[in-house]
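Novice: Here is my input; please provide its structure:
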Amino acid sequence: MSRNSFWINSKWNLKTRHTSWILNFMIWFVIMPFVAIIGLVNYHNNYSEQIMNVNGFCMNMLDNQMIFGSVVSIFVAIGMAIEAYGWMNNISQVDMYKSVPVKESTRFAYINLNSFIIYAVGFLCNVIIEIAIFTFNGGFKAGDITEILTYVVINIVTFLSAYGIACIAVMLTGNAVLAAMGATFLNFVELFAIWLWETGKCAFYNGYEMINIKGIFSPINMALNAMEQGVNKVNVINDSPIYVIVNHLNTAGWLIIGVLQAVIYLTLTYQLYKRRPANVSGQRIVFKLARPVIEIAIGCIGGYAVALFMNEVGGKGTAIFSVAVFVIILHIVLKMIMDGKMFFDIRGVVTLAATFVIVTLLFSYQANDWGKYNTYIPDEENVEGYSIYVPSKTNLQYYQRGEDGTSDNMISDYILLDGVEITDKTTTKNMLQIINKALKDMPDETYGDDIKIKYYMKKGNDKYRTYSIKSEYVNEILAMTYDRMEYKEKYNTLEYNKSIMEDIINKEGSVAITNYTIYSDDDSYDIVRDNNSEDKEVYKRLYEAASKDILLRDGDTIAYDKPIGELDLTANYAASYGEYNAIDLYIPVYESDANTMAVLNELGW
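Specialist: Residues are numbered from 1 along each chain as shown. This next block holds a predicted model:
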């Protein structure tokens with residue numbers, strides 16, 4: 001076939017893709033610009049009088065548009081894939097297409113090329129329209145071009161990958177509705193599966209916190225990780241050039257994964273395209289081997305979700321029984337969908353049993369902690385240090401507040417677990433021995449204090465664990481740890497913010513409010529007296545006194561004594577630091593805190 005013939009057929013195909021053109025016009029020329037305009041109207045109505053400038057607001061909107069745009073691109077890809085190969089589900093159109101003297105590889109190439117052209121025209125025009133809208137309102141600056149280009153590339157790669165997956169679904173069925181359902185499932189199944197697995201870990205593993213979903217097979221995972229790694233961090237204040245470069249490289253890495261996804265999925269689509277029979281119009285499942293795979297995949301995802309839910313309702317036994325009921329019902333439903341009638345066969349029973357066994361094993365692995373997550377203790381020779389956080393103790397807490405006055409960033413856990421490391425080998429060894437003893441001494445049905453530990457591993461793969469053990473062991477570890485001066489110095493959160501504190505105290509325009517409260521003598525921590533002061537000198541004296549006392553306390557004070565009161569140092573900065581312009585510090589006061597008590601006594605406490 002000549003090159004001219006290729007372009008002639010390609011142009012003819014472009015002219016017949018009416019649904020794709022209309023879909024892209026409605027999405028990119030109507031809906032997305034409308035969303036941008038509504039956002040700007042919301043800004044002018046609600047935020048224009050605040051510190052946030054229109055450029056910052058538009059950049060926040062762009063970040064949201066990136067996520068929304070990627071999801072939209074996936075559904076656009078699904079719709080375009082169904083139309084691109086819709087002719088294969090119409091016997092008369094199959095005859096017409098097959099009558100044209102074109103190689104199958106050529107036809108496959110120009111159909112997919114046209115899909116990309118239609119999408120690219122609509123999407124890029126949308127980008128130009130939104131840039132014009134934001135620029136007209138003063139929302140974009142020249143320096144924002146990097147983020148805009150990243151947005152464009154992420155969405156294009158997302159479309160290509162999602163389109164490849166959608167084409168696979170189209171090839172597996174001769175029914176457009178089933179193709180849409182299958183394409184949606186395939187595009188989002190990895191995200192949902194990883195989220196379910198992480199939810200199970202949160203349910204059964206003490207103190208486990210859901211991690212970022214790092215799947216590499218679906219376009220939505222690729223897009224979310226590309227945005228997280230690069231775009232949302234590029235414009236952070238005071239980023240070093242190296243940090244920005246590294247984040248761009250991380251974004252590029254995820255984009256390469258997305259391109260590989262598209263290549264692999266389109267290659268697989270082509271293999272199915274060549275092998276797909278011509279007379280399967282309207283047939284619900286074209287390739288018989290796909291049927292058990294589809295049933296098991298849907299059964300495992302749905303069954304595991306049912307198991308987690310029913311475990312919360314009635315325990316493990318109820319969860320397993322519910323899975324059995326679910327897979328039977330699912331088998332009946334899928335039979336009706338795929339065959340239009342209900343009947344049993346040996347293959348169906350085998351698939352049913354396989355699904356039940358897989359879900360039961362996965363659920364039991366997490367529910368019974370077969371991986372020993374809750375009792376994990378690293379080998380001493382692999383650990384170079386540790387840090388701890390005990391939620392039941394009254395710890396110094398540190399809040400940064402944004403422009404709307406809410407507490408945006410509470411980082412006491414962060415400071416204690418990621419900024420206060422004990423590196424002494426003897427102390428680390430003793431801590432491991434206490435944890436090992438505590439886990440052996442703790443009956444399964446007994447609940448003690450929680451202690452969160454971060455193990456700093458020599459190979460860099462740091463581990464986080466939360467143990468529920470007897471209070472005596474928690475206090476022993478806490479006292480031993482706090483007695484180390486390196487811990488006290490790192491724990492002194494006030495010193496981390498010394499420059500901010502000096503601005504609060506010395507700069508005109510900042511507001512410093514000091515609250516000092518007295519607790520009751522019992523264990524209720526009820527406040528019996530509450531004093532306020534807006535005198536910066538009081539703020540300064542208490543801040544400096546507390547900084548000294550934190551370094552003078554011993555471990556037994558922290559582990560066994562109860563605070564007699566609390567300092568609340570609240571201030572608004574004279575200047576904004578990053579996205580925050582206010583700070584709250586909550587500092588427990590012990591009777592042995594000589595410096596703090598001396599100042600408070602002078603103030604009439």
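Novice: mind showing which ranges of the stretch 251-400 of the chain have poor pLDDT?
Specialist: 282, 340-347, 394-400 (pLDDT under 70).
Novice: Please, where are all the strands along it?
Specialist: Assigned by DSSP state E, counting those that start in this stretch, the strands in the stretch 251-400 of the chain fall at 383-389, 397-401.
Novice: Which single helix of the chain contains the most residues?
Specialist: Ranked by residue count and defined by DSSP state H, the top helix of the chain is helix 241-275.
Novice: Which strands and helices lie in contact with it?
Specialist: helix 104-136, helix 145-172, helix 219-226, helix 232-234 (3 or more Cβ pairs under 8 Å, 6 or more residues apart in numbering; DSSP states H and E). Heads up, the C-betas are built off the backbone N, CA and C, glycines and all.
Novice: I'd like those helices as a markdown table, with mean pLDDT and distance to Val323 appended.
Specialist: Output for the helices and strands packed on helix 241-275, formatted as a markdown table (pLDDT from 0 to 100; distance: least, Cβ to Cβ, whole Å):
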| stretch | mean pLDDT | distance to Val323 |
| --- | --- | --- |
| helix 104-136 | 88 | 40 |
| helix 145-172 | 89 | 26 |
| helix 219-226 | 85 | 26 |
| helix 232-234 | 42 | 38 |
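Novice: Need the winner for burial among those helices.
Specialist: helix 219-226 (a mean of 25; mean count of other Cβ atoms under 10 Å).
Novice: what angle sits between it and helix 145-172?
Specialist: 160 degrees (axes from the mean of the first three to the mean of the last three Cα atoms, to 10 degrees).
Novice: same for helix 219-226, what does it pack against?
Specialist: helix 54-84, helix 145-172, helix 176-204, helix 241-275.
Novice: could you give the angle of the last one to helix 176-204?
Specialist: If I follow you right, that is helix 241-275. With the same axes, to 10 degrees applied, the angle from helix 241-275 to helix 176-204 works out at 140 degrees.
Novice: just to revisit the earlier point, in the longest helix of the chain, what counts as buried?
Specialist: 244, 247-248, 250-251, 254-255, 257-258, 261-262, 265-266, 269-270, 272-273 (16 or more other Cβ atoms under 10 Å).
Novice: Stretch 420-429 now?
Specialist: Of all the residues in stretch 420-429, those buried under the rule 16+ other Cβ under 10 Å are 420-422, 427-428.
Novice: Closest one of these to Ala84?
Specialist: The closest of the buried residues of stretch 420-429 to Ala84 turns out to be Glu421 (Cβ to Cβ; 55.6 Å).
Novice: was I right about the closest one contacting Gly385?
Specialist: Yes: with contact defined as Cβ atoms under 8 Å, Glu421 and Gly385 form a contacting pair (4.7 Å).
Novice: list residues touching both of the two?
Specialist: Here Glu421 and Gly385 have Tyr456 as joint contacts, going by Cβ atoms under 8 Å, 6 or more residues apart in numbering.
Novice: Inside helices: which ones of the buried residues of stretch 420-429?
Specialist: Short answer: the buried residues of stretch 420-429 in helices (DSSP H) are 427-428.
Novice: Let's have the buried residues of stretch 420-429 in a markdown table, adding distance to Glu566.
Specialist: Supplementary listing: the buried residues of stretch 420-429 in a markdown table, determined by distance: Cβ to Cβ, whole Å:
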| residue | distance to Glu566 |
| --- | --- |
| Val420 | 20 |
| Glu421 | 27 |
| Ile422 | 26 |
| Thr427 | 29 |
| Thr428 | 32 |
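Novice: Dump the buried residues of stretch 420-429 into a markdown table; add pLDDT and distance to Trp12 as well.
Specialist: Below are the buried residues of stretch 420-429 laid out as a markdown table (pLDDT from 0 to 100; distance: Cβ to Cβ, whole Å):
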| residue | pLDDT | distance to Trp12 |
| --- | --- | --- |
| Val420 | 78 | 69 |
| Glu421 | 83 | 67 |
| Ile422 | 88 | 72 |
| Thr427 | 92 | 77 |
| Thr428 | 93 | 73 |
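Novice: from the buried residues of stretch 420-429, which is closest to Thr481?
Specialist: Checking the buried residues of stretch 420-429 against Thr481 with Cβ to Cβ, the nearest one is Ile422 at 5.9 Å.
Novice: which ones are touching the closest one?
Specialist: When contacts are taken as Cβ under 8 Å, 6+ apart, Ile422 is in contact with 385-387, 428, 431, 481, 484, 486-487.
Novice: swap in Glu380?
Specialist: Contact analysis of Glu380 by Cβ under 8 Å, 6+ apart lists 428-429, 432.
Novice: among the helices and strands packed on helix 241-275, which is nearest Ile82?
Specialist: Proximity to Ile82 (Cβ to Cβ) singles out helix 145-172 among the helices and strands packed on helix 241-275, at 5.9 Å.
Novice: Quick one: neighbours of Glu534, just the number.
Specialist: Around Glu534 there are 10 other residues, counting by other Cβ atoms under 10 Å.
Novice: actually Val538, not the one I wrote
Specialist: 20.
Novice: check which helix or strand covers Ala571.
Specialist: If you go by DSSP states H and E, Ala571 is part of strand 565-577.
Novice: same thing with Tyr467?
Specialist: Tyr467 belongs to strand 463-469, assigned by DSSP H and E.
Novice: and that strand, C-alpha only, in CSV?
Specialist: Extracted in CSV, the C-alpha atoms of strand 463-469 (Å, rounded to 0.1, in the frame of the first residue of the first chain):
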residue,chain,number,x,y,z
LYS,A,463,10.9,0.3,59.2
TYR,A,464,8.0,1.7,61.2
ARG,A,465,6.2,-0.4,63.8
THR,A,466,3.6,0.1,66.5
TYR,A,467,3.6,-2.3,69.5
SER,A,468,0.8,-2.6,72.1
ILE,A,469,2.8,-3.7,75.2
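Novice: hmm, back to that, immediately after the strand holding Ala571, which helix or strand?
Specialist: Next along from strand 565-577, by DSSP H and E: strand 580-589.
Novice: I'd like to know which elements that next one is packed against.
Specialist: strand 397-401, strand 407-410, helix 493-496, strand 565-577, helix 594-602.
Novice: Pairing partners for it, with directions?
Specialist: strand 397-401 (antiparallel), strand 565-577 (antiparallel) (DSSP bridges).
Novice: lowest-confidence stretch among those strands?
Specialist: Mean pLDDT values for those show the minimum at strand 397-401, a mean of 63.
Novice: one step back: check which residues of the helix or strand just after the strand holding Tyr467 are buried.
Specialist: Next in sequence after strand 463-469, counting helices and strands by DSSP H and E, comes helix 471-482. Neighbour-count burial for helix 471-482, counted by 16+ other Cβ under 10 Å, picks out 473-482.
Novice: any low-confidence regions in the stretch 451-600 of the chain?
Specialist: 492-513, 515-533, 572-582.
Novice: How about the stretch 1-150 of the chain?
Specialist: In the stretch 1-150 of the chain (pLDDT under 70), the answer is 1-5, 43-66, 137-144.
Novice: Can you tell me how far Phe75 is from Ser115?
Specialist: 14 Å (Cβ to Cβ, to the nearest Å).
Novice: give me the number of residues near Ile8?
Specialist: Neighbours around Ile8, by other Cβ under 10 Å: 13.
Novice: Report the secondary structure state of it.
Specialist: For Ile8, the assignment made with DSSP: H, G, I helix; E, B strand; the rest coil gives helix.
Novice: Can you name the residues that contact it?
Specialist: Per Cβ under 8 Å, 6+ apart, neighbours of Ile8: none.
Novice: cool, Val153 as well?
Specialist: Leu255 are the contacts of Val153 under Cβ under 8 Å, 6+ apart.
Novice: any idea how far it is from Met32?
Specialist: 17 Å.
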